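Chemist: need a structure here:
(chains A and B)
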There are 2 protein chains.
Amino acid sequence: MEKGRDMFTGTKLIQQNYVRIFDTTLRDGEQSPGATLTSTEKLEIARNLARLGVDVIEAGFPAASPDDLEGVRRIAIEVGNTAPDEMGLTQLPPVICGLARASKGDIDAAWEAVKNAARPCIHTFLATSPIHMQYKLRMKPDEVIELVRAMVSYAKNLCDNVEFSPEDAGRSEPEFLYKVLGIAIEAGANTLNIPDTVGYTTPDEFGKLISGIITNTPGIEKAVVSVHCHDDLGLATANTLAGIQAGARQAEVTVNGIGERAGNTSLEEIVMALHTRRSFFDLETGIDTTQISRISRMVSNFTGILVQPNKAIVGANAFAHEAGIHQDGMLKNNTTYEIMRPETVGIHRSRLVMGKHSGRHALKVQLAEMGYELGTVELNRTFERYKELADKKKVVTDADLEALVEDQFYQSSELYSLEGLQVVCGTMGMPTATVRLRSPEGDIYEYASIGTGPVHASYQAIDGIINIPNTLVEFSVNAITEGIDALGEVTVRLQSETSEVMERTSPQNGRNYARTFGGYGADTDILVASVKAYLAALNKLLIFTGGRQPSSATLLLETTEKS
Amino acid sequence: MEKGRDMFTGTKLIQQNYVRIFDTTLRDGEQSPGATLTSTEKLEIARNLARLGVDVIEAGFPAASPDDLEGVRRIAIEVGNTAPDEMGLTQLPPVICGLARASKGDIDAAWEAVKNAARPCIHTFLATSPIHMQYKLRMKPDEVIELVRAMVSYAKNLCDNVEFSPEDAGRSEPEFLYKVLGIAIEAGANTLNIPDTVGYTTPDEFGKLISGIITNTPGIEKAVVSVHCHDDLGLATANTLAGIQAGARQAEVTVNGIGERAGNTSLEEIVMALHTRRSFFDLETGIDTTQISRISRMVSNFTGILVQPNKAIVGANAFAHEAGIHQDGMLKNNTTYEIMRPETVGIHRSRLVMGKHSGRHALKVQLAEMGYELGTVELNRTFERYKELADKKKVVTDADLEALVEDQFYQSSELYSLEGLQVVCGTMGMPTATVRLRSPEGDIYEYASIGTGPVHASYQAIDGIINIPNTLVEFSVNAITEGIDALGEVTVRLQSETSEVMERTSPQNGRNYARTFGGYGADTDILVASVKAYLAALNKLLIFTGGRQPSSATLLLETTEKS
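Modeler: Just a heads-up that it's a prediction; the model follows:
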């Protein structure tokens, strides 16, 4: 009975000082440009969100496409029925939530997706601001009220747990908003989520909005008020906290604050503000803070959305003081400049532990300390790659190990895999690359190409074998650790240029937009890492087209040989 | 008389609704790990801060090292005496400020550095929280009061404009704080800057702290209250705005929010919050918002500190909606999802204008529209590189042009320059690079090396010619534009392993720490860009050692030839 999560039924809070964490990384976060995730990646993130201790996982927008529905369904089945026991709490599985516009089709799709979870939830929404009602919905206020009543009731008939959001609440007329929310409660909504859709409000205004709702909405005592903010003016965290201080007891957040435009409220900032300033807020969450750093890296790797070094809590410098100051004598007292310990968010300052002669057991112990429990086969594969790396690098740090594990296991299924790469380039011009790939059928293909640079040449060579027209929308490389012999980490994001299968529907405006696919690769050779990342993204794209190449693609066999 | 800056003397505000922007990118920002800037880069940033319209430029901590003093002095002379006339306002030059600990030596150094500016300012500080007084200063409260009185008076005797900061004010005893601040005003301080040094407070608390100071400090009507926040809990922007709402009329900020740990308050977030929500705050600044995007890129390139895509105002996605939605029909009304126009912060959505056959004049016009006024020689050099790029790339966008200009002009003096590079690498092992460099004396050196990857091999080859032991602390590559034939942008940061010349003093704890040097390069070949970035960082390091290699270094001539 230490923690609050086991004490709330998913529809009502029992402990008044407990704030539910509703994670929407997989829904609102994934909507950000270029963040498309495969079902497998979503599942992996959902598993880790459950371990992290989030109360609700908004797993997607099932009406967007059949793939999206299936992705949510898998999470509902595989994550929504297991209590994350390893946390040592008698916990319930997380609530699995699906988003739906205020229409029967969307609500049916959401129910279909979440119904197999132990604790399903349908989240439906409709805009209530004059500007959205007039320009987007083309509906009169009365029509909006009737649609809310009808759709919340419809959802409630399917599912015990219903959340309703008045979109663009921040710019809605207060009296109208209270009325709509009252109707939603009457119709059965358990949670009322108040979004600042365009990131326009200040903490004062948002706090007052929430107070006003709590004071004036008929029947509000039957529901939990939730807040959902965006960071366009850099105020998402402050607005969310102001909403909580005004009485909201659910915060909708994403890992690393990813999301459209400037993103959503950061999970880590809300959790650590409540944690670090517990004496001020007198509130708690069910989050295991020591998992924050790890899920931050996972989301960054899977989505290809980097975290800047000066990002609060999860940035590379967040816990770093001036470079070069010796740790031991840095400060006479830790708390003179440090308000949080890095260990609290799962950052372990210890660099390296492993040398060239470390054995399999030492590796296993080290990985376990970092939170990776590998089976024998996986451990053997990692050990092999570790030995290769240790041959090249003087010291192997835990960051290197993390990259190795991530490169190996956080990948979508390998349809095409890299068998060989050879590159020649430089200022003399004619950068040339030759690649050798193994196809899903086990055949070996080779292709050579020139390009504007070595990455271009390599990617052109791959395109010569796997012919899927695409546009590279982002490409970035980072060295994981210090030293020029470091591992390089490459993330790419690309968009298909052809298939209609690639499109999905936006919940906000109902339009279709193209999916973007990310890939990740790590190697001491950044060109090898680049090729791995591109292949990972292409494999992901192939999975979305049904596991093989789109019919428009042809294998260019002229210059390849079969083995 | 439209804008406020011309109406305040640098010591007192006349317009009560004007908020001074005090930029500390070059002082507190530059203190962040790896952000070391050369004097030339600092000067260039200072020039652009003046154009941007900041009221005060904190140009450095002159006591840190002779280089730091000289850097501030150059800014005082070259930027502190020119009104940024092109803004069409009868403005004064910006105030140039130097930081000093509460000691005569530091204050003398600060005065020496800023005295040649038209409007100089000395900023001195002393900790006032129990924890800092006890553990860091080892001083009794009475001793602290006497030192503040003595040192503010000492500074005032040198300089008309003095700012005083009680360090860690957020954790100081309120009554003691009021007393110290009253003494500082009595001794002549014109501005009282209240820092939340450790980023610990909430907006409520910080607003109350400022109200309390304004209500209770004796003589407060003679001074301007300033706020200086850190983002450890993601609340820097909200805290700063809360302080301003409580009566502060100066905000201390950095471009992109760079700074130690999670960084300082972002200039762009404060300016755009006040601008976008003018009806709420009823306050104004002297900032030309259309320069924000450009200075953000400049600071990111010079420091090597990346901006994440979901960063408010200046992130790549801040103004992007779902990828693939057609711009024209995206929304029935712009304001349904957009609270700011990208043009307001200087982002021009127009992609591309230039093709392979565009001429010199078209290039000049395009660059001028982007804010770059190049002389004939510079234009010719840029045009040459533009033609080379246009030969390789189908379309050249304004982002490409920006990268070209930045690669060419935003570089420290080239001591060693790249004459040639040849790389062979891939999965077959033995990545090999050959480099050809021109030395400051005009000699040509060549060296070949293998490495763990192509970047390592190239850097080892350079190290074979310019032998300065160093550690690479960061390496990152980004594609500037979409498409795999894009220009790659590389930023590196490295630390010297040897020379004592490299050390500087931290104002907070008085210890020495190693400088870090950043470099930037852009090319369609990421290995060429990597080599350029490394050379730029090494050249910067060489400038700090006095323009040539440190005496410990030797030229390895065995395998090189002189031309």
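Chemist: alpha carbons only for contacts and neighbour counts from here, please
Modeler: Will do.
Chemist: For stretch A:265-274, C-alpha coordinates in PDB please.
Modeler: Output of stretch A:265-274 as PDB, limited to C-alpha atoms (Å, rounded to 0.1, in the frame of the first residue of the first chain):
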ATOM      1  CA  THR A 265       5.100  17.800 -21.900                       C
ATOM      2  CA  SER A 266       8.200  15.700 -21.000                       C
ATOM      3  CA  LEU A 267       7.400  12.700 -18.800                       C
ATOM      4  CA  GLU A 268      10.800  13.000 -17.100                       C
ATOM      5  CA  GLU A 269      10.400  16.700 -16.200                       C
ATOM      6  CA  ILE A 270       7.000  16.300 -14.600                       C
ATOM      7  CA  VAL A 271       8.000  13.200 -12.700                       C
ATOM      8  CA  MET A 272      11.300  14.700 -11.500                       C
ATOM      9  CA  ALA A 273       9.800  18.000 -10.600                       C
ATOM     10  CA  LEU A 274       7.200  16.200  -8.400                       C
END
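Chemist: How is A:Val477 assigned, secondary-structure-wise?
Modeler: strand (DSSP: H, G, I helix; E, B strand; the rest coil).
Chemist: where does it land on pLDDT?
Modeler: In this model, A:Val477 is scored at 76, pLDDT.
Chemist: Could you check how far it is from chain B?
Modeler: Here A:Val477 is placed at a distance of 5 Å from chain B (CA to the nearest CA, to the nearest Å).
Chemist: Could you count how many residues lie near that residue?
Modeler: With neighbours defined by other CA atoms under 10 Å in any protein chain shown, the count for A:Val477 comes to 26.
Chemist: Help me confirm that it comes into contact with B:Ser476.
Modeler: Yes: A:Val477 lies in contact with B:Ser476 (CA atoms under 8 Å); the separation is 5.1 Å.
Chemist: so who does the residue in the stretch 101-250 of chain A positioned nearest to chain B touch?
Modeler: For the stretch 101-250 of chain A and chain B, the shortest gap (CA to the nearest CA) falls at A:Asp232, measuring 5.1 Å. Residues in contact with A:Asp232, defined by CA atoms under 8 Å, 6 or more residues apart in numbering or on different chains, are A:198-200, A:261-263, B:312-313, B:318.
Chemist: try it again with 7 Å
Modeler: A:199, A:262, B:312-313 (CA atoms under 7 Å, 6 or more residues apart in numbering or on different chains).
Chemist: now swap in A:Ser226 and tell me
Modeler: Residues in contact with A:Ser226 (CA under 7 Å, 6+ apart) are A:191-194, A:248-251.
Chemist: ditto for A:Ala248
Modeler: A:225-227.
Chemist: buried set for the one helix or strand A:Gly182 maps to?
Modeler: According to DSSP states H and E, A:Gly182 maps onto helix A:174-186. Going by neighbour count (16 or more other CA atoms under 10 Å in any protein chain shown), the buried part of helix A:174-186 is A:174, A:176-178, A:180-186.
Chemist: what sits up against it?
Modeler: A:128, A:145, A:148-149, A:152, A:164, A:213, A:216-219.
Chemist: ok so A:Glu489 is a strand residue?
Modeler: Yes: assigned with three-state DSSP, A:Glu489 falls within a strand.
Chemist: ok, back up a step: does the helix or strand following the helix holding A:Gly182 come close to chain B?
Modeler: The helix or strand immediately downstream of helix A:174-186 is strand A:191-196, counting by DSSP H and E. No: Strand A:191-196 does not reach chain B (CA under 7 Å from any CA of the partner chain); its nearest approach is 10.8 Å.
Chemist: same deal with stretch A:447-457?
Modeler: Yes: legend: contact between stretch A:447-457 and chain B by CA under 7 Å from any CA is shown at A:452-454, A:456.
Chemist: Of these, just the buried ones, ChimeraX syntax please.
Modeler: ChimeraX command restricting the residues of stretch A:447-457 next to chain B to the buried ones, with burial defined by 16+ other CA under 10 Å:
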select /A:452,453,454,456
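Chemist: Now intersect the residues of stretch A:447-457 next to chain B with the strands, please.
Modeler: Taking DSSP state E, every one of the residues of stretch A:447-457 next to chain B sits outside strands.
Chemist: If we only consider the residues of stretch A:447-457 next to chain B, which is nearest to A:Glu205?
Modeler: A:His456 (49.9 Å; CA to CA).
Chemist: before we move on, back to that, give me the secondary structure label for the residue of the stretch 101-250 of chain A closest to chain B.
Modeler: Here A:Asp232 is coil, with the state taken from three-state DSSP.
Chemist: Pull the distance from stretch A:529-543 to the chain's centre.
Modeler: In terms of CA atoms, centre = their mean, to the nearest Å, the centre of stretch A:529-543 is set 19 Å apart from its chain centre.
Chemist: what's next to that stretch, contact-wise?
Modeler: So stretch A:529-543 is contacted by A:38, A:411-412, A:414-416, A:455, A:458-459, A:488-493, A:517-523, A:548-549 (CA under 7 Å, 6+ apart).
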